[in-house]
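Novice: Have a look at this prediction, sequence included:
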Protein chains: 4
Amino acid sequence: MHNAKGAITPDWKDSNMEATEVKHHEVDEDRPLEELVYTFGGAEPIASLKPGTLLSTSTLDAFAGRLTSVDQRPSQVCDPRFLNPQTGPFFIEGAQPGDTVAVHFVSIEPRNDWGVSTTVPFFGALTGSRETALLNAALPELTWIYEIDREERLVHYQALDSKLHLPLPMAPMHGTVGVAPPLQEVRSSLTPGSWGGNMDTPEMKVGTTCYLGVNVEGAMLSFGDGHARQGEGETCGVAVECAMDSTVLVDLVKRTMTPWPRLETDEHIMTVGSAKPLEDAFRIAHTEMVHWIAQLLSLSVMDSYQLVSQAALSPIANVCDTVYSVVCKVPKRLLGWVTPFQGKHAELRAQAG
Amino acid sequence: MHNAKGAITPDWKDSNMEATEVKHHEVDEDRPLEELVYTFGGAEPIASLKPGTLLSTSTLDAFAGRLTSVDQRPSQVCDPRFLNPQTGPFFIEGAQPGDTVAVHFVSIEPRNDWGVSTTVPFFGALTGSRETALLNAALPELTWIYEIDREERLVHYQALDSKLHLPLPMAPMHGTVGVAPPLQEVRSSLTPGSWGGNMDTPEMKVGTTCYLGVNVEGAMLSFGDGHARQGEGETCGVAVECAMDSTVLVDLVKRTMTPWPRLETDEHIMTVGSAKPLEDAFRIAHTEMVHWIAQLLSLSVMDSYQLVSQAALSPIANVCDTVYSVVCKVPKRLLGWVTPFQGKHAELRAQAG
Amino acid sequence: MHNAKGAITPDWKDSNMEATEVKHHEVDEDRPLEELVYTFGGAEPIASLKPGTLLSTSTLDAFAGRLTSVDQRPSQVCDPRFLNPQTGPFFIEGAQPGDTVAVHFVSIEPRNDWGVSTTVPFFGALTGSRETALLNAALPELTWIYEIDREERLVHYQALDSKLHLPLPMAPMHGTVGVAPPLQEVRSSLTPGSWGGNMDTPEMKVGTTCYLGVNVEGAMLSFGDGHARQGEGETCGVAVECAMDSTVLVDLVKRTMTPWPRLETDEHIMTVGSAKPLEDAFRIAHTEMVHWIAQLLSLSVMDSYQLVSQAALSPIANVCDTVYSVVCKVPKRLLGWVTPFQGKHAELRAQAG
Amino acid sequence: MHNAKGAITPDWKDSNMEATEVKHHEVDEDRPLEELVYTFGGAEPIASLKPGTLLSTSTLDAFAGRLTSVDQRPSQVCDPRFLNPQTGPFFIEGAQPGDTVAVHFVSIEPRNDWGVSTTVPFFGALTGSRETALLNAALPELTWIYEIDREERLVHYQALDSKLHLPLPMAPMHGTVGVAPPLQEVRSSLTPGSWGGNMDTPEMKVGTTCYLGVNVEGAMLSFGDGHARQGEGETCGVAVECAMDSTVLVDLVKRTMTPWPRLETDEHIMTVGSAKPLEDAFRIAHTEMVHWIAQLLSLSVMDSYQLVSQAALSPIANVCDTVYSVVCKVPKRLLGWVTPFQGKHAELRAQAG
């Protein structure tokens, strides 16, 4: 077990005071890597937050800022023990097992004018990997740097082996958001699961509320792994990784269990399943949605199953992490509009302004 | 091997004449089920088409029109040997192994003012099945009838166990389109694969061009399995099934191999992979896209891998059939616009009017 | 559709006569490849057999005898359309859907004093493949020749890159045995399924009775793909392939359905499941065994589930073919001895002498 | 994080003394469940052992002894947070990351004259589960008690729904043996992985040496989950569970990495892979074996791949846990006899007497 206290040097306001806004100083990118937090569960909280807090903070990129040039390789500049550092964990006051934490993303902005992507040996959907263990050699380990134009909201793809340049829309998101897992487990920030974690879905963007079931007192919320942009599936295993300045509203829904992560936007409700094989991730997301809609619309399970079968979108989140993630996404409009979690999303949306 | 000649009683124009339009009479729904075609490969062609033909035809629904009431069960009115009848096969003149057939969907209109969905014992994503063989009993076998309002473009969901009614947008598509498989195989119309078949993707709609690699002389094109609407994944295994009146432009791209099905619309290029586990369907679709974009943009494979990782959408098509299907979908706009297959889609689009 | 009549030039005795022994001349290895049979289903029968027939025949190796030297590569000397030729199909007189064919292996002897194994690009358990589609290059394509010492019952492994030589016990078996599939399908001899086919289990050896459910009139039995020896899983995708002289007793169990292949020896009963992912092959084999033992011992399904959980062996058959195969194997002794299929195995065993 | 010190009340000899034997008092089955250890990693060591120690200890059964009658249900008498308690962890003196711990099983004897098996809702290979999430109801939750006759070496199966009784050979083993995982993770004792854990292979029996790579200082070895007998695959998810009196020799191989667990007996070398889907567990085990044999016999990787393909057995270990386990097993005899890990197994075997 590691003690991650001080992983970020915050100038926290007293978290016991009445104020509902919390800010902290800049992330210190020169901090020793071993002092950062790379797990969900297992680390001491860096601060305590009241439900309803507007938290402004920063996150390091998945390489902790060490990978900055196309001439560098992850295997040269990164320690495999120290990947994907998280900001947190935050102790949510009053959070108990059986409750649900709600995290509404108010703002996610790249800190810098560049992002980075790579191929990592034996990692990614289209190569043999640690678990899909093959005898093939690794694919080449390469690094791409993306210029990020925050004014124009573009990230600039530049091919390595040709002059091709393509501007792609900036679409900032967090790859990871999660709480401490159940069963006393401590899980690497590289893995997703029922506690959230490394789901790597582009749906985790501004305007989204993420609901996570609480497994331990205080929930122990963390997030990180900012992406300026990501394709669905995160095929090569690495998005356009960048440090983020992010503001989130953190709230609590008491006495409501959330077995797997749920998302809500103004337009959609979503469930996220994480498992292998990929069809099990699909099954988790879609059974969760069937049961959720049955509850929201007072439908029988079979009627809800039928409705989901005709109404759901099923975008893939990641096919590269230790387990894979699939989203089930249903337009609220098709359901005659619904207000789950006692209208928490609308409330946070209003509060976000 | 079965002889399917006369599976549809066409009043075909002479397919050797110059005309490029072919029409036929109505589908005869009282025809004996054993005379219809339920396979890709293995059946005699019902007509020969010149490349460039505008074909107006009809397709039966997946239950061959036998399931018409919520009081019926598929297991009572359907013979498991006679599910998902196809219209075709059509012999495409000049098609040889190594060529690609292009099918552009000009019009797909429900023939009737109703569609049907069901749950089928041991079939669907959220139940044990023939291959995911478990000891659980089957889920209830139920039938839902959807009213289809072709004026308003709506299909009406009506719950069985409550009074809930929800109008859903009509979004007509064909679940199956395919050619004869390679290796002398004959495959059930219930299965998808490299030859197309039962891919069950909502992307197979008006405005889409579907490219299929030719495995045998004449290609032997068939299609069917109309859906007035379908959720991604086709979770319960059955969409809003209905007979269709469809018009397609059938064309040929000579000397171009297409290992797995590819789709094109004005806005997107797409690849479709079909396999189990679901991650293999993803891998097929995404490797195909990597190689396709590498070719279209003269990129190295690694540069294309990187680009696909940030640019692709990955909607799931089906997680219920004998193998599962995943689509990889890239906006042409992000690629600086591309014109694959020598501009065939644009050509057919123009021709469709 | 192909016509495979005359695939083997037999000097068949009249199959309508009373005699219960059928022999034929040597396999003609110079026969044109396109005249051989590479499918289950889809080919005309080469002979008709009465139930109870003792059939002495031969099978070509999976490369049809074309690969004979370490200096050859499969991709140079083989046509991918013409792999794994089968001996058959045999029309079993009186066989109807709903019956079961029983094939007892009396003798399986390598025809020659050598066998061959290879690595085939994008084929095998430890490489990317057509369906586990990756961006890695293929593994090297290599050929190993094994000397087969039929006197000493040894096959001699000789390393290519060193002088290491290891004698391994000869353990002859047939990789494929099957009947025509259901649903009018024609399946490549490279794939296994409910009809048997390319199961590639070392259990298919002398002394084993294989039970296969009949899907079409006459069953259309074929077999081939002789292996002088094979590891479980057939990891690289290719065993010690060799032509075989084999004698089998072919019989019929009327009015008995066999949904998936079952095997019996003096000591064990076995079920075989073929599917992807591999756990589905396991699930098929083990649910089949649960239901079989429930029937044999008049147990409830749950009691049988418990018994199988403590009594079964689960050797893997293949993890390389288009779908994978797992065997569930239970010692009859642990069940207090059982005599399934009305004692057919004991009967054939006695008849074999 | 939990403190598990005192999980077992040992009367340990001073572990710093010269003696190489360590014993402790009986397991106290009335101890509060929350004081036991249910994880690999995350718990304080209960004792420190010198390499070469002969450790005599006891393990509780997976239900911590709470399930003792066919009238009880696991869901009634067990807390899901407190399943599968482990004996340990033991701090192995001198063990550092990069070393390998060797555990040789000298004796594994059921403590009591009974064992217990059950079906657990949504757990097991032949039912929907938490990850293979389906809409089906759970299978019945049932409990079977086995009489264990230690004299006759039999466990007695008694059907619940009939009078059938079957004696099965006793074959004691440990389902779990493992060390602390890498990446600061803490993993439930219900899951297997590269650190060992809940592999549930019948190969973990008397006479076997288990090699585990060390991830943290002291390795933190634990084991438990005794089975009086288990079928391969542990199909229903529960073996014949029983408390054990076990004696193990614990030793250390310095400066030798072991990425995934390896086993050795007098006759075989084995590798164990744990992952989902099941083919990935197979791939891990078999690539590990290919690389191991390449090293032991100075073969090229491709020559070793070929040899493993013809020589390996592939028994399945479990298809019920959070990830599945497959064993690759090669007779040493076929390899001309090999002595891996510098002959550590032979040394421990001799020491065991």
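Specialist: It's in.

Novice: now the helix or strand containing A:Glu347, how far from the chain's geometric center?
Specialist: Per DSSP states H and E, A:Glu347 falls inside helix A:344-352. Chain-centre distance of helix A:344-352: 20 Å, with C-alpha atoms, centre = their mean, to the nearest Å.

Novice: what do you get for stretch A:276-284?
Specialist: Distance, stretch centre to chain centre, for stretch A:276-284: 18 Å (C-alpha atoms, centre = their mean).

Novice: Okay, now the sheet partners of the lowest-mean-pLDDT helix or strand in chain A, with direction.
Specialist: For chain A, using mean pLDDT, DSSP states H and E, the weakest element among its helices and strands is strand A:21-23, scoring a mean of 75. Note on strand A:21-23: by DSSP bridges, its sheet partners are strand A:53-59 (parallel).

Novice: which parts of the partner strand are buried?
Specialist: A:Thr53, A:Leu54, A:Leu55, A:Thr57, A:Ser58, A:Thr59 (16 or more other C-beta atoms under 10 Å in any protein chain shown). Just so you know, the C-beta spots here come from the backbone N, C-alpha and C atoms, and that holds for glycine as well.

Novice: what's the next helix or strand after it in contact with?
Specialist: On the C-terminal side of strand A:53-59, the nearest following helix or strand under DSSP H and E is helix A:74-77. If you take C-beta atoms under 8 Å, 6 or more residues apart in numbering or on different chains as the criterion, helix A:74-77 is touched by A:Phe63, A:Arg66, A:Leu67, A:Thr118, A:Val120, A:Pro121, A:Glu141, A:Thr143.

Novice: where exactly do the strands run in the stretch 1-150 of chain A?
Specialist: A:21-23, A:39-40, A:47-49, A:53-59, A:86-92, A:100-110, A:114-118, A:143-149 (DSSP state E, counting those that start in this stretch).

Novice: looking at the ones you listed, which is buried most?
Specialist: Highest mean neighbour count among those (mean count of other C-beta atoms under 10 Å in any protein chain shown): strand A:39-40, with a mean of 30.

Novice: average pLDDT across the longest helix along chain A?
Specialist: Ranked by residue count under DSSP state H, the longest helix found in chain A is helix A:278-296. Helix A:278-296 shows a mean pLDDT of 98.

Novice: Please report the distance of whichever residue of the stretch 151-300 of chain A sits closest to chain C from B:Pro277.
Specialist: Residue nearest to chain C within the stretch 151-300 of chain A: A:Pro277 (5.3 Å; C-beta to the nearest C-beta). A:Pro277 sits at a distance of 4 Å from B:Pro277 (criterion: C-beta to C-beta, to the nearest Å).

Novice: which non-adjacent residue is nearest A:Leu334?
Specialist: In this structure, A:Leu334 finds its nearest non-sequential neighbour in A:Ala311, 4.9 Å apart by C-beta to C-beta, 6 or more residues apart in numbering or on different chains.

Novice: still on that earlier bit, rank the strands of the stretch 1-150 of chain A by mean pLDDT and give me the bottom one.
Specialist: strand A:21-23 (a mean of 75).

Novice: center of chain A, which residue is that?
Specialist: Nearest residue to the geometric centre of chain A (C-alpha atoms, centre = their mean): A:Thr176, 2.5 Å.

Novice: What pairs with the helix or strand it falls within, parallel or antiparallel?
Specialist: Using DSSP H and E, A:Thr176 maps to strand A:173-178. Sheet pairing of strand A:173-178 (DSSP bridges) gives strand A:196-197 (antiparallel), strand A:221-229 (antiparallel).

Novice: Would you reformat those strands as JSON lines and include mean pLDDT?
Specialist: Below are those laid out as JSON lines (pLDDT from 0 to 100):
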{"stretch": "strand A:196-197", "mean pLDDT": "98"}
{"stretch": "strand A:221-229", "mean pLDDT": "98"}
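
Novice: any chance of the ones you listed in TSV, with mean neighbour count too?
Specialist: Shown next, in TSV, are these (neighbours: other C-beta atoms under 10 Å in any protein chain shown):
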stretch	mean neighbour count
strand A:196-197	30
strand A:221-229	29
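
Novice: re the thing from before, mind listing the shared neighbours of A:Pro277 and B:Pro277?
Specialist: By C-beta under 8 Å, 6+ apart, the residues touching both A:Pro277 and B:Pro277 are C:Pro277, D:Pro277.

Novice: before we move on, back to that, mind checking the strands of the stretch 1-150 of chain A for the one nearest to D:Gly237?
Specialist: Smallest distance to D:Gly237 across these (C-beta to C-beta): 26.4 Å, for strand A:39-40.

Novice: so, in contact with chain D or not, the closest one?
Specialist: Yes: Strand A:39-40 lies within reach of chain D by C-beta under 8 Å from any C-beta of the partner chain, at A:Thr39.

Novice: can you check stretch A:62-70 too?
Specialist: No: Stretch A:62-70 does not reach chain D (C-beta under 8 Å from any C-beta); its nearest approach is 14.4 Å.

Novice: For that stretch, buried residues please.
Specialist: A:Ala62, A:Phe63, A:Ala64, A:Gly65, A:Arg66, A:Leu67.

Novice: Now do it: distance to the chain's middle.
Specialist: Averaged C-alpha coordinates place stretch A:62-70 at 19 Å from its chain's average position (C-alpha atoms, centre = their mean).
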